[in-house]
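Novice: Attaching a predicted model along with its sequence, questions to come.
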Amino acid sequence: MTIKFKPLADRVIIEPVAAEQKTASGIFIPDTAKEKPLQGTIMAVGLGKKDEPMTLKKGDSVLYGQYAGTEIKIEGKNYLIMRESDVYGIF
(Lines give C-alpha, C1' and ligand atoms only; values in the text may rest on other atoms or scores of the structure.)
Protein backbone atom coordinates (compact mmCIF):
# COMPACT_ATOMS: atom_id res chain seq x y z
CA MET A 1 0.00 0.00 0.00
CA THR A 2 1.29 3.46 -0.87
CA ILE A 3 0.68 6.33 1.53
CA LYS A 4 0.32 9.94 0.37
CA PHE A 5 2.86 11.36 2.80
CA LYS A 6 6.53 12.03 2.12
CA PRO A 7 8.82 12.27 5.16
CA LEU A 8 11.55 14.90 5.04
CA ALA A 9 15.34 14.54 5.39
CA ASP A 10 16.37 11.37 7.26
CA ARG A 11 12.92 10.38 8.51
CA VAL A 12 11.01 7.19 7.71
CA ILE A 13 7.39 6.10 8.10
CA ILE A 14 7.00 2.63 9.65
CA GLU A 15 3.92 0.43 9.84
CA PRO A 16 4.36 -1.56 13.08
CA VAL A 17 3.57 -5.28 13.07
CA ALA A 18 0.43 -6.19 14.99
CA ALA A 19 0.89 -6.92 18.69
CA GLU A 20 0.40 -10.50 19.80
CA GLN A 21 -3.25 -11.28 20.56
CA LYS A 22 -2.59 -14.37 22.68
CA THR A 23 0.26 -16.23 24.37
CA ALA A 24 1.87 -19.41 23.02
CA SER A 25 -0.34 -21.42 25.41
CA GLY A 26 -3.51 -19.79 24.02
CA ILE A 27 -4.30 -17.21 26.70
CA PHE A 28 -5.70 -13.98 25.22
CA ILE A 29 -3.75 -10.82 26.13
CA PRO A 30 -5.84 -7.76 27.08
CA ASP A 31 -5.03 -4.46 25.33
CA THR A 32 -3.61 -2.98 28.53
CA ALA A 33 -1.00 -5.75 28.84
CA LYS A 34 0.16 -5.92 25.22
CA GLU A 35 3.78 -4.99 24.57
CA LYS A 36 4.54 -2.32 22.01
CA PRO A 37 5.84 -4.00 18.82
CA LEU A 38 9.49 -3.38 17.95
CA GLN A 39 9.28 -4.51 14.32
CA GLY A 40 7.70 -2.96 11.31
CA THR A 41 7.78 -2.32 7.59
CA ILE A 42 9.12 0.85 5.99
CA MET A 43 6.27 2.55 4.12
CA ALA A 44 8.03 5.76 3.00
CA VAL A 45 11.51 7.31 3.28
CA GLY A 46 12.87 10.84 3.07
CA LEU A 47 15.65 11.83 0.69
CA GLY A 48 18.32 11.86 3.39
CA LYS A 49 20.66 14.64 4.42
CA LYS A 50 23.19 16.34 2.17
CA ASP A 51 26.13 14.37 3.59
CA GLU A 52 24.16 11.26 4.72
CA PRO A 53 22.24 9.32 2.04
CA MET A 54 19.41 7.03 3.17
CA THR A 55 20.22 3.36 3.74
CA LEU A 56 16.63 2.23 4.28
CA LYS A 57 14.14 1.81 1.46
CA LYS A 58 10.41 1.24 1.14
CA GLY A 59 9.45 -2.36 1.98
CA ASP A 60 12.35 -3.08 4.35
CA SER A 61 11.42 -5.05 7.47
CA VAL A 62 13.15 -3.35 10.40
CA LEU A 63 13.76 -3.48 14.15
CA TYR A 64 13.57 -0.23 16.14
CA GLY A 65 13.80 0.95 19.74
CA GLN A 66 10.91 0.53 22.18
CA TYR A 67 10.53 4.28 22.69
CA ALA A 68 11.58 5.37 19.20
CA GLY A 69 9.42 7.48 16.94
CA THR A 70 6.19 9.38 17.16
CA GLU A 71 2.81 7.77 16.53
CA ILE A 72 0.87 9.39 13.70
CA LYS A 73 -2.36 8.59 11.86
CA ILE A 74 -2.37 8.79 8.07
CA GLU A 75 -5.43 7.90 5.99
CA GLY A 76 -7.01 6.20 9.04
CA LYS A 77 -4.06 3.91 9.85
CA ASN A 78 -1.51 4.19 12.65
CA TYR A 79 2.16 4.57 11.75
CA LEU A 80 5.41 5.66 13.39
CA ILE A 81 7.64 8.43 12.08
CA MET A 82 11.27 8.40 13.19
CA ARG A 83 14.78 9.20 12.11
CA GLU A 84 16.73 6.54 10.26
CA SER A 85 19.23 6.50 13.15
CA ASP A 86 16.46 5.23 15.49
CA VAL A 87 16.24 2.02 13.42
CA TYR A 88 18.55 -0.72 14.74
CA GLY A 89 18.68 -2.92 11.65
CA ILE A 90 17.04 -4.63 8.69
CA PHE A 91 15.76 -8.23 8.64
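Specialist: Here it is on my side, so go on. Residues are numbered from 1 along each chain as shown.
Novice: Report pLDDT for the residue of the chain most remote from its centre.
Specialist: When distances to the mean C-alpha position of the chain are computed (CA atoms, centre = their mean), the maximum falls on Ser25, with 27.7 Å. Reported pLDDT at Ser25 in the predicted model: 70.
Novice: From Met54, how far off is the residue positioned nearest the centre of the chain?
Specialist: In the chain, the centroid-proximal residue (CA atoms, centre = their mean) is Ile14; its distance is 2.7 Å. Going from Ile14 to Met54 by CB to CB, to the nearest Å gives 14 Å. C-betas here are computed from N, CA, C, even on glycine.
Novice: again with Glu84
Specialist: Noted for Glu84: a distance of 6 Å to Met54, by CB to CB.
Novice: between the two, which one's more packed in?
Specialist: Glu84 (21 against 16; other CB atoms under 10 Å).
Novice: any idea of the pLDDT on that one?
Specialist: So, for Glu84, pLDDT stands at 94.
Novice: shaky segments in the chain?
Specialist: Along the chain, the model assigns pLDDT under 70 to residues 1, 19-24, 26, 28-37.
Novice: Now do the strands in it.
Specialist: Ranges of strands in the chain, per DSSP state E, are 11-16, 39-45, 61-64, 70-74, 77-83, 87-90.
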